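Visitor: Mind looking at a prediction? Sequence and model below.
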Amino acid sequence: MQRRTFMTALPIGLLLNGQAARATTYFTAETVRLALFPGATHFTDRSLVLSKPQMAAIAKASGSRGATPQLVAADAIGPGGKLGTLLIDKVYGKHEFITYALALDPAGAVKGLEIMDYRESYGDEIRLPKWRAQFAGKSSGDPLKIDKQIKNISGATLSCVHVTEGVARLLATYATVLQHA
């Protein structure tokens, strides 16, 4: 008699590379706004459709491809006026998307970076404040390369590389399209 083996689905996660897959949401669009711009009284959303020439200019300026034609930005407004701009983006880690938010001051320099959703089974060390703080004060035109200006985290290399490329792309997008719009 032949014996058959049946596997049942894991109720909590799928095993990848010997580790349980996990998807964690750390911030929603609303909570990340308040975390990165605590003094804001309101936000003005700006929805833009980037043209092919704008996307090409962003890719050239950032050295990073992958700009999406649609972009939603939010200007943070406080009692004294504009506090800065919030951009939400996503990049691939190794297998899954990483959603992150980038806060820029009114001059276009990085004010803060938060990881909103992390779906990979490992590499979430990019959430560490010390790693994210490396971006503070960077603006379009500043070089942003792993192992040069931005330190890599062993075990999170692709997450580090792709978030760094994404930040460079958003900085170029701000300088190319949003700063004077």
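Guide: Structure received.
Visitor: And the helix ranked longest in the chain, what's buried?
Guide: Looking across the chain with DSSP state H, the single longest helix is helix 157-173. Neighbour counts over helix 157-173 (16 or more other Cβ atoms under 10 Å) mark 158-173 as buried. (Each C-beta comes from the backbone N, C-alpha and C, glycine too.)
Visitor: what's the answer for stretch 135-145, then?
Guide: If you call a residue buried by 16+ other Cβ under 10 Å, then stretch 135-145 has these buried ones: 135, 138, 140, 144.
Visitor: quick one: average pLDDT of it?
Guide: Mean pLDDT, stretch 135-145: 94.
Visitor: gap between it and the chain center?
Guide: Its chain's average C-alpha position is 14 Å from that of stretch 135-145, according to Cα atoms, centre = their mean, to the nearest Å.
Visitor: what's the answer for stretch 92-104, then?
Guide: With Cα atoms, centre = their mean, you get 4 Å for stretch 92-104.
Visitor: So which residues make contact with that stretch?
Guide: For stretch 92-104, contacts defined as Cβ atoms under 8 Å, 6 or more residues apart in numbering pick out 16, 23, 27, 32, 36-37, 76, 84-91, 110-120, 123, 126, 135, 158-159, 162-163, 166-167, 170-171, 174.
Visitor: Mind doing that once more with 7 Å?
Guide: Under the criterion Cβ atoms under 7 Å, 6 or more residues apart in numbering, residues 27, 32, 36-37, 84-91, 110-120, 123, 158-159, 162-163, 166-167, 170, 174 lie in contact with stretch 92-104.
Visitor: Among those residues, which lie within helices?
Guide: 32, 36, 158, 159, 162, 163, 166, 167, 170.
Visitor: Quick one: these as CSV, columns for pLDDT too.
Guide: Shown next, in CSV, are those (pLDDT from 0 to 100):
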residue, pLDDT
32, 97
36, 98
158, 93
159, 93
162, 93
163, 95
166, 94
167, 96
170, 95
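Visitor: of those residues, closest to residue 50?
Guide: residue 170 (12.1 Å; Cβ to Cβ).
Visitor: Report the contact partners of that closest one.
Guide: With Cβ under 7 Å, 6+ apart, residue 170 has these contacts: 87, 89, 102.
Visitor: I figured residue 124 was touching residue 118, is that so?
Guide: Yes. Here residue 124 reaches residue 118: they are 4.8 Å apart, a contact under Cβ atoms under 7 Å.
Visitor: Which of the two has more residues huddled nearby?
Guide: More neighbours surround residue 118 than the other of residue 124 and residue 118, with 23 against 20 (other Cβ atoms under 10 Å).
Visitor: Quick check: the gap between residue 95 and residue 165.
Guide: 17 Å (Cβ to Cβ, to the nearest Å).
Visitor: Extract the C-alpha trace of stretch 45-60 and format it as CSV.
Guide: Output of stretch 45-60 as CSV, limited to C-alpha atoms (Å, rounded to 0.1, in the frame of the first residue of the first chain):
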residue,chain,number,x,y,z
ASP,A,45,-2.2,66.8,-0.7
ARG,A,46,-0.7,67.3,-4.2
SER,A,47,-1.3,64.6,-6.8
LEU,A,48,1.0,64.8,-9.8
VAL,A,49,1.4,62.8,-13.0
LEU,A,50,5.0,62.9,-14.1
SER,A,51,5.7,63.2,-17.8
LYS,A,52,8.3,60.9,-19.6
PRO,A,53,10.8,63.8,-19.8
GLN,A,54,10.4,64.5,-16.0
MET,A,55,10.8,60.8,-15.2
ALA,A,56,14.0,60.7,-17.4
ALA,A,57,15.3,63.8,-15.7
ILE,A,58,14.7,62.2,-12.3
ALA,A,59,16.4,59.0,-13.3
LYS,A,60,19.4,60.9,-14.6
